[in-house]
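S.K.: can't give you the sequence, but here's the structure:
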Ligand code: SAH
Ligand code: SF4
Ligand code: F3S
């Protein structure tokens, strides 16, 4: 049971963590907004774009929702539970609104896009509904709402990438920054709402990406994570070839451009779709010391039959060959995955295939979910959600148990080794310890005593002990 809980915490941390922003200088703004974000890293990144748009019209961020003039929830629709969390939160905000009628409440993000204007009927306290491609219209919508009208914009766009908007870093540790390189998704995995909530895939202008990464580095950041639902299909064609001397920028060339900003800037990226990650990308990772040796390569299922029903467009064998290729080109590369238990028609044999694939892949980490049917998706329209919840949960538990064993094994393999670590801040448990990450994305905790270093420094740390989730070490 404890492991289910651990998994829940994981799940929440990645897909449902709420946060309140950091205030720059609240006195300089005439009004205050409070924003909470749910869902994937891209949604968190969008909140930083929203913060920038709001700042331009005189709204400063606050961490305290009780003093806000505007409360925003940037929402996620990926699983039913994600939406339930938001509904619960809205109920809590209703109390504040009753006490302060002038307060405006807005729902942004994927749930806004999925439910659209109907949200206004369902959630009476909501004043504004804005989809992921419509954040530029927020100031106009706010004006409407201030005039007492309900305001909605859920238009999706084929072009919008917010390329020119400089995000206001919310709740950042000042060491790692997230940079969105594309939006939307064209893949149509049958279980997934993202293509409906985020629209068509489009790549952001490469120069604006490099500029943003360079700017982060100039401001002292030491790590950037390039974000997209499917980063390996990044593809940008400059209007004139003489800008870069290149005709097109692929993900491999973009990675290389970002890596070249400085050897002191670490580069990470997420997420890779197994069908699109190329040898070119793997070779670029191997070539640059500062591109982290870590790939998040979600498999979803180990059964070819289920993969086909999910429209993942690869087979079990194809995926395993990709794992071999990664290990060949980037020895020691960290690999993690997303796994769904109990997709439509999944048999015990399919489930066993997932377990054996996990074992072969030797994942360092996985994000594991049971299948949650989403309205409007291809799976909902085509297939019956026919695996009983009890069985889904039992299979998920077996997947979680196996992953825990694999994570522990992977950590034990690192005992005695020394890694280059970027210090991200104090460890969660003690301000006497530092917390950082290795290139292969493992969290490592080590004592501050006897070492003169600070947040944002690179240090060498020798692994002396481990749990299934964390390495423990000492500076050498
Ligand atoms: N673009 C990424 C995934 C984004 S969603 C990719 O293709 O890998 C993050 C994860 O949520 C997915 O990888 C999947 O494992 C999980 N997920 C998506 N839809 C789900 C659903 N309907 N039920 C359960 N898990 C789901
Ligand atoms: Fe969803 Fe598939 Fe796109 Fe990932 S690749 S966002 S799972 S449709
Ligand atoms: Fe959720 Fe939307 Fe991200 S559905 S996972 S916030 S793209």
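M.R.: Looks like it arrived, so ask away. No experiment lies behind these values; they were computed from the predicted model shown. Ligands and ions are numbered 1, 2, ... in the order given.
S.K.: near ligand 2, which residues of the stretch 201-350 of the chain show up?
M.R.: 229-230, 273 (C-beta under 6 Å from any ligand atom). All C-beta atoms are positioned from the backbone trio N, CA, C, and that covers glycine.
S.K.: strands of the stretch 351-476 of the chain, start to end?
M.R.: 365-370, 418-426, 433-438, 443-447, 458-466, 471-475 (DSSP state E, counting those that start in this stretch).
S.K.: make JSON lines out of those and add distance to residue 407, mean pLDDT and mean neighbour count.
M.R.: What follows is the strands of the stretch 351-476 of the chain, written out as JSON lines (distance: least, C-beta to C-beta, whole Å; pLDDT from 0 to 100; neighbours: other C-beta atoms under 10 Å):
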{"stretch": "strand 365-370", "distance to residue 407": "6", "mean pLDDT": "98", "mean neighbour count": "21"}
{"stretch": "strand 418-426", "distance to residue 407": "17", "mean pLDDT": "97", "mean neighbour count": "19"}
{"stretch": "strand 433-438", "distance to residue 407": "14", "mean pLDDT": "97", "mean neighbour count": "22"}
{"stretch": "strand 443-447", "distance to residue 407": "11", "mean pLDDT": "97", "mean neighbour count": "20"}
{"stretch": "strand 458-466", "distance to residue 407": "9", "mean pLDDT": "97", "mean neighbour count": "17"}
{"stretch": "strand 471-475", "distance to residue 407": "11", "mean pLDDT": "97", "mean neighbour count": "21"}
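S.K.: related to what we said a few turns ago, of the residues of the stretch 201-350 of the chain next to ligand 2, which is the most crowded?
M.R.: Greatest neighbour count in those, by other C-beta atoms under 10 Å, goes to residue 229: 22 neighbours.
S.K.: follow-up on the earlier one: which ones, among the residues of the stretch 201-350 of the chain next to ligand 2, also lie beside ligand 3?
M.R.: Near ligand 3, by the rule C-beta under 6 Å from any ligand atom, you find none of those.
S.K.: show me what from this protein comes close to ligand 1.
M.R.: Residues of the chain lying near ligand 1 (C-beta under 6 Å from any ligand atom): 78-79, 191-192, 194, 229-230, 271, 273, 298, 300, 338, 340, 369, 371-372, 374.
S.K.: quick one: contacts for the residue of the stretch 251-400 of the chain at minimum distance from ligand 2?
M.R.: For the stretch 251-400 of the chain and ligand 2, the shortest gap (C-beta to the nearest ligand atom) falls at residue 273, measuring 5.3 Å. For residue 273, the contact set (C-beta atoms under 8 Å, 6 or more residues apart in numbering) comprises 187, 230, 232-233, 298.
S.K.: quick check: residue 29 vs residue 122, distance?
M.R.: Between residue 29 and residue 122 the computed distance is 32 Å (C-beta to C-beta, to the nearest Å).
S.K.: higher neighbour count, the two?
M.R.: residue 29 (19 against 10).
S.K.: tell me which element the closest residue to that one other than its chain neighbours is part of?
M.R.: Among residues not flanking residue 29 along the chain, residue 60 sits closest, at 3.1 Å (C-beta to C-beta, 6 or more residues apart in numbering). Assigned by DSSP states H and E, residue 60 falls within strand 59-61.
S.K.: state the mean pLDDT of the next helix or strand after that strand.
M.R.: Downstream of strand 59-61, the next assigned helix or strand under DSSP H and E is strand 70-75. Strand 70-75 shows a mean pLDDT of 97.
S.K.: any residue of strand 70-75 up close to ligand 3?
M.R.: No: applying C-beta under 6 Å from any ligand atom, one finds strand 70-75 separated from ligand 3 by no less than 7.1 Å.
S.K.: and the angle for the next helix or strand after that strand with strand 365-370?
M.R.: Next helix or strand after strand 70-75 toward the C-terminus (DSSP H and E): helix 80-99. Orientation of helix 80-99 against strand 365-370 (axes from the mean of the first three to the mean of the last three C-alpha atoms, to 10 degrees) gives an angle of 80 degrees.
S.K.: what comes up buried for helix 80-99?
M.R.: 81-83, 85-86, 89-90, 93, 96-97 (16 or more other C-beta atoms under 10 Å).
S.K.: show me what it is packed up against.
M.R.: Other elements packing on helix 80-99 under the criterion 3 or more C-beta pairs under 8 Å, 6 or more residues apart in numbering; DSSP states H and E are strand 70-75, strand 104-108, helix 109-115.
S.K.: chain center to the longest one: distance?
M.R.: Relative to the mean C-alpha coordinate of its chain, helix 109-115 is positioned 17 Å out (C-alpha atoms, centre = their mean, to the nearest Å).
S.K.: mean confidence score for the next helix or strand after it?
M.R.: Downstream of helix 109-115, the first helix or strand assigned by DSSP H and E is helix 118-122. Computed over helix 118-122, the mean pLDDT rounds to 93.
S.K.: do the helix or strand following helix 118-122 and ligand 3 come into contact?
M.R.: Sequence-wise, the next helix or strand downstream of helix 118-122 (DSSP H and E) is strand 128-130. No: shown here: strand 128-130 not in contact with ligand 3 (C-beta under 6 Å from any ligand atom), separated by at least 13.6 Å.
S.K.: partner strands of strand 128-130 and their direction?
M.R.: In the sheet, strand 128-130 lines up against strand 104-108 (parallel), strand 151-153 (parallel) (DSSP bridges).
S.K.: what is the burial count for residue 349?
M.R.: Counted with other C-beta under 10 Å, residue 349 comes out at 9.
S.K.: likewise for residue 125?
M.R.: Residue 125 - counted by other C-beta under 10 Å - has 17 other residues nearby.
S.K.: I'd say it and residue 90 touch.
M.R.: Yes: the pair residue 125 / residue 90 is scored as a contact, 6.7 Å apart, by C-beta atoms under 8 Å.
S.K.: overlap in contacts of those two?
M.R.: residue 105.
S.K.: which parts of this structure sit against ligand 3?
M.R.: Near ligand 3, when you scan the chain using C-beta under 6 Å from any ligand atom, you find 15, 39-40, 42-43, 76-78, 109-110, 193-194, 197-198.
S.K.: which of those lies closest to ligand 1?
M.R.: When the residues of the chain next to ligand 3 are compared against ligand 1 (criterion: C-beta to the nearest ligand atom), the nearest one is residue 78, at 5.0 Å.
S.K.: check contacts around that closest one.
M.R.: 15, 39-40, 110, 192-194, 372, 374.
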